[in-house]
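Visitor: Dropping a prediction and its sequence here:
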Amino acid sequence: ALDPYAGGYALPPLKSLSFAGNVAQSSGTVPAITDATLDVGASDLAAYRPGLTLTALKATMKSLADPVSLNATGSLSGKALALSGTAGPADRLFPQPPPKSPASGSSLGSSASAQQPSFAVDLSASAGNARMTVNGKMAAPLKLAGVALKIGVQIPDLSHLSPLAGQVLPALTHINADLT
């Protein structure tokens, strides 16, 4: 029902979708959004991947200048999936106009990104008993520039992830990696 408003994107078949928050006109191109909560109930996402289901998703944020807190659970081919953590500030996901010089009204150009806070990421994901963490910052998330992330992976048995990969994986065990 919302596809005509999605700018040509096919929206996923989410069920029990609810949004609560305050939306107000702002001086910028994006409205001011505060005290926002997005809840999604159990949804069959097999159209994207056979066997993929979302059990629940909850995202909250105080304002666009703050990080989004995210908690999601689901499964793929019987393997439990989970994602939790924070990322933001959310306003860094929208194109930012360059700031204007108070005296001349002209754009200050590339110094705009230096004045904006970094986009911080602190996420944990699991698939079965395998775990992954991503922590760090991005200077310009829309351009994937200035990326400084630490990625941690703990996989007790890679073959247990075969249903997620859609193919048989080797029985490599005790995989632990920290990447920066």
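Guide: Looks like it came in fine.
Visitor: Could you tell me how far the residue most central in space within the chain is located from D39?
Guide: Closest residue to the average C-alpha location of the chain: A87 at 6.8 Å, with Cα atoms, centre = their mean. Plainly put, A87 is 18 Å away from D39 if you go by Cβ to Cβ, to the nearest Å. C-betas here are computed from N, CA, C, even on glycine.
Visitor: Which residues does stretch 36-48 contact?
Guide: 12-22, 52-61, 74 (Cβ atoms under 8 Å, 6 or more residues apart in numbering).
Visitor: Filter those down to just the ones in strands.
Guide: Within the contacts of stretch 36-48, residues falling in strands by DSSP state E are 15-22, 52-61, 74.
Visitor: Would you list the buried entries among those residues?
Guide: Using 16 or more other Cβ atoms under 10 Å as the burial test, the ones in strands among the contacts of stretch 36-48 include 52-54, 57, 59-61, 74 as buried.
Visitor: closest to F119 among those?
Guide: M61 (13.3 Å; Cβ to Cβ).
Visitor: correct me, but the closest one touches L93?
Guide: No - contact between M61 and L93 fails when scored by Cβ atoms under 8 Å: they sit 11.3 Å apart.
Visitor: now the helix or strand harbouring V121: mean pLDDT?
Guide: Assigned by DSSP states H and E, V121 belongs to strand 119-127. What strand 119-127 shows for mean pLDDT is 97.
Visitor: what comes up buried for it?
Guide: Quick answer for strand 119-127 (16+ other Cβ under 10 Å): 119-123, 125-127.
Visitor: again, but for stretch 23-43
Guide: 33, 36, 38, 40, 43.
Visitor: what ranges do the strands span in this protein?
Guide: According to DSSP E, the strands that the chain contains are 15-24, 32-41, 43-44, 52-63, 68-76, 79-88, 119-127, 130-140, 145-157, 173-179.
Visitor: And the second one, how far out from the chain middle?
Guide: In terms of Cα atoms, centre = their mean, to the nearest Å, the centre of strand 32-41 is found 14 Å from the chain centre.
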